Structure formats: structure tokens, C-alpha cells
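Trainee: Using only what follows, build the 3D model:
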Amino acid sequence: MDARLTHYRVGGTSRYITALVTAFEQLQPSHKLTLLQSRKTSERLSDCFESASVWTPPHHVLERAALSVELWRHRFDLLHSPDFIAPVRGARRHVITVHDLSFIHFPEYLTAASRRYYNGQIVASVRRADHILAVSQATKADLVDILDVPPEMITVQLHGVDEQFMPLKISCSQKTIQALDLPESYFLFVGTLEPRKNLVGLARAYRDLKLELPDAPKLVLAGRPGWHYEQLMADLHDVSLKDEIIFKREVVDSQLPALYNHAIALITPSFYEGFGLPALEAMACGTVPIVSHVASLPEVVGEVGLKVDPQDTATISAAMKQALTDSDWRKRQSEAALKRAARFRWVDSARTALDCYDDVLN
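Mentor: Here you go, the predicted model:
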């Protein structure tokens, strides 16, 4: 498994990699598993599996060729590339994971260099792969419809939710909330701060809510800067909410359970998501999700919470109002959220991957 990205990033694909490795440790597969890690990494990702140090950094313009040269001596039977970019020839067989095709759906939200890189890599990687893991039915449909991948070449592998995400007693979460300098309750967004997440639309919906309910709690945006961050911040400034929006750019994974537990609702109004892990994590904490009715998000939340039109701020504002003012509804949804989240387990996701490896090798 190519685990180089875990040295460079947290969250997203890196979390997917580390969660699968942890689940593999529980399942103890019969295969000999080697984890490819960056030469810059000082810590092994797992003590249960072998580790191989590689020089090629992820997302380098010559990555596919350079990594092929590095891996030639290993003679791997199969290489799993969780970041979808497979080398030209890294093993006898190749499995890739495709998380989303947002760079094709919304090229305007990427830098020009990023557009060239991703668009150039995805076609070559899909053609090279012996099988593809897609993290949702929506992503599978995109692969079939946009890139003409045969459906039988794709297996849907849903994410799981880490055990740390659960309802917490106030006494257990209070210290984290105080350390983050947050109020006792708030509306919450978790994810990369970039235009695809529709944060300007969320801010406008929140402004409408404040006009109707001036005492409504603050809006917390937790996440690291992404593409076009400077323009996003300028657009958010133009919404003129002054101190009503709280930015938390350095929240670590261990703080997320407390963050979710104190939220009135988790709001994911994105224009597109390949999966939408924050919605699942929030549900595991008993927090009501408000999500866009597009792409994979309805797959994640099912009938829990509320689904909104990302293009219509009135629907987002109305959903926030319902979550804030209808405590009985929110309690019922909280119970439903816990039941829904319990269906998503990383050990099941890892078992899907192992079954895929066996099918490809056989």
C-alpha cells in the first residue's frame, strides 16, 4: 500500500490510509503487506507490517515514472494506490482508490497547475488499474459516466468512522472547547476551506438566519486553507458578518469529537463531495447533519437530518432554523444519527479492500 501521503497531509486521503492500516491490523490478513512511506518519515505507520522507504514525493510531476523505478526491485504482486495516482509499473497488478472527480466537475475551483496535474493523471491511472475502489456509489457513477470505466471494474468501498467519535459527557469535552476558545454551542462546518465547499452560500444563509433570529449561536468554520483560499476569505468578508463567524484552522483530529458534540448541527453545503466524512463523524457523535442533496452526501446521511439545495441559501437557512428551534426534532434526529453511523465500520471497508486484492490476484 502506498502510504506516502500520510507524511505530507492530515485528514482526507491520509485518514483513509491510516484507518485502513489500523483495520488491517485487526483483521491480520494472510498476505505479506508492505507500507510505502516517505523517506522523510521518522515513525513507522504500523509495527504489524513491513515498511519500505521511498524517495519519490506524492504529486510530483514525474511521480508515476520515478516511483516505478523505485519499486522495480521489490517485485510486488499488487500495489494499492489510495491516492488514485498509480505508477506506470509498480507491481504485477494495480488497485487504485478514487475518492471523487471534483477536479473534473468544478475545474474553476482549482489552480491552473492543479487542473493540468489531476486531469492528466486520472485518465492514465484509470487505464492502468486492474481494479478501482470508489468510496461511494456517486463516485462510481462518475467514473462510469465521465471516464467510461466499465462498472464491473469498480467496487464501492464506503468509509468507516473511527471509534473516538461518540457522544461525550460535557465534563469530558469541556476542556477541549475551552482550549479552542469556543462558546458552549454553535453551528459547525468541518472541512477544507475552499470554494467547492460553498462556504459563501453558508455564510449568506447564516446571515439570513441572524436577521430573523438575532440571538442565534455563532457559526464555526473548522478546517485548513485549500485552493483559492485568499479569494474565499475576501468573499466571506463581503458578507459582512463581522465577529459572528469563528475560524478554527488548526483543529487536530483528537479535538474533533468534542467539536462535534457541542454543535447544534454539522452543516455540509458543498457543491460536490466524493463521500463527506465529517457528516458521518458528526452523526457518530449524535450531532444532526445538514447536507447538500447532491453527489454522495445523501448516501452517507440516509434519512437522518436535513438535505438542502446548495444553490438556494433559503433552504440552508430554513434547515438551520429548524435545527435550532425544534429541540424535540433534534433529539429524535440525534438518536437516528447514532444508529445510522453505526453501520459504517472501517473493518468492513478494510475487508472490502482485502477481498478486492484477492480477486485481482486470482
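
Trainee: Tell me which residues of the helix or strand of the chain with the lowest mean pLDDT come out buried.
Mentor: None of the helices or strands of the chain scores lower by mean pLDDT, DSSP states H and E than helix 112-128, at a mean of 82. Going by neighbour count (16 or more other CB atoms under 10 Å), the buried part of helix 112-128 is Arg115, Tyr117, Tyr118, Gln121, Ile122, Ser125, Val126, Arg128. From N, CA and C alone the C-beta is placed, and that goes for glycine too.

Trainee: Next secondary structure after it?
Mentor: strand 131-134 (DSSP states H and E).

Trainee: And that next one, what does it pack against?
Mentor: Applying 3 or more CB pairs under 8 Å, 6 or more residues apart in numbering; DSSP states H and E, we find strand 131-134 packed against strand 93-98, helix 137-147, strand 154-156, helix 346-361.

Trainee: before we move on, back to that, between the buried residues of helix 112-128, which is nearest Asp148?
Mentor: Val126 (9.0 Å; CB to CB).

Trainee: if I look at the closest one, how far off is Asp142?
Mentor: 11 Å (CB to CB, to the nearest Å).

Trainee: returning to that earlier point: for the least confident helix or strand of the chain, output the C-alpha coordinates as PDB.
Mentor: What follows is helix 112-128, C-alpha atoms only, in PDB (Å, rounded to 0.1, in the frame of the first residue of the first chain):
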ATOM      1  CA  ALA A 112      -4.400  26.100 -13.300                       C
ATOM      2  CA  ALA A 113      -1.400  23.900 -12.300                       C
ATOM      3  CA  SER A 114      -3.700  21.600 -10.300                       C
ATOM      4  CA  ARG A 115      -6.100  21.200 -13.100                       C
ATOM      5  CA  ARG A 116      -3.400  20.100 -15.500                       C
ATOM      6  CA  TYR A 117      -1.900  17.700 -13.000                       C
ATOM      7  CA  TYR A 118      -5.100  15.900 -11.900                       C
ATOM      8  CA  ASN A 119      -6.700  15.800 -15.400                       C
ATOM      9  CA  GLY A 120      -3.500  14.400 -16.800                       C
ATOM     10  CA  GLN A 121      -3.100  11.700 -14.100                       C
ATOM     11  CA  ILE A 122      -6.700  10.400 -13.700                       C
ATOM     12  CA  VAL A 123      -7.100   9.000 -17.200                       C
ATOM     13  CA  ALA A 124      -3.700   7.300 -17.200                       C
ATOM     14  CA  SER A 125      -4.300   5.800 -13.700                       C
ATOM     15  CA  VAL A 126      -7.800   4.500 -14.500                       C
ATOM     16  CA  ARG A 127      -6.500   2.800 -17.700                       C
ATOM     17  CA  ARG A 128      -3.500   1.300 -15.800                       C
END
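
Trainee: Just the strands from the stretch 151-300 of the chain, written as ranges.
Mentor: 154-156, 186-190, 219-222, 245-248, 263-268, 288-292 (DSSP state E, counting those that start in this stretch).

Trainee: what about the stretch 1-150 of the chain, any weak spots by pLDDT?
Mentor: Applying pLDDT under 70 to the stretch 1-150 of the chain flags no residue at all.

Trainee: Contacts only, for the nearest residue to Leu277 once chain neighbours are set aside.
Mentor: Closest residue in space to Leu277, ignoring its immediate chain neighbours: His159 at 5.7 Å, by CB to CB, 6 or more residues apart in numbering. His159 makes contact with Tyr16, Ala19, Val135, Phe275, Leu277, Leu280, Phe344, Trp346, Ser349, according to CB atoms under 8 Å, 6 or more residues apart in numbering.

Trainee: Closest one of those residues to Ala337?
Mentor: Nearest to Ala337 among those, with distances taken as CB to CB, is Leu280, at 9.5 Å.

Trainee: all helices for this structure, in order.
Mentor: Taking DSSP state H as the test, the helices found in the chain are 13-27, 63-71, 102-105, 112-128, 137-147, 170-179, 199-212, 229-238, 256-261, 277-284, 297-301, 313-325, 327-341, 346-361.
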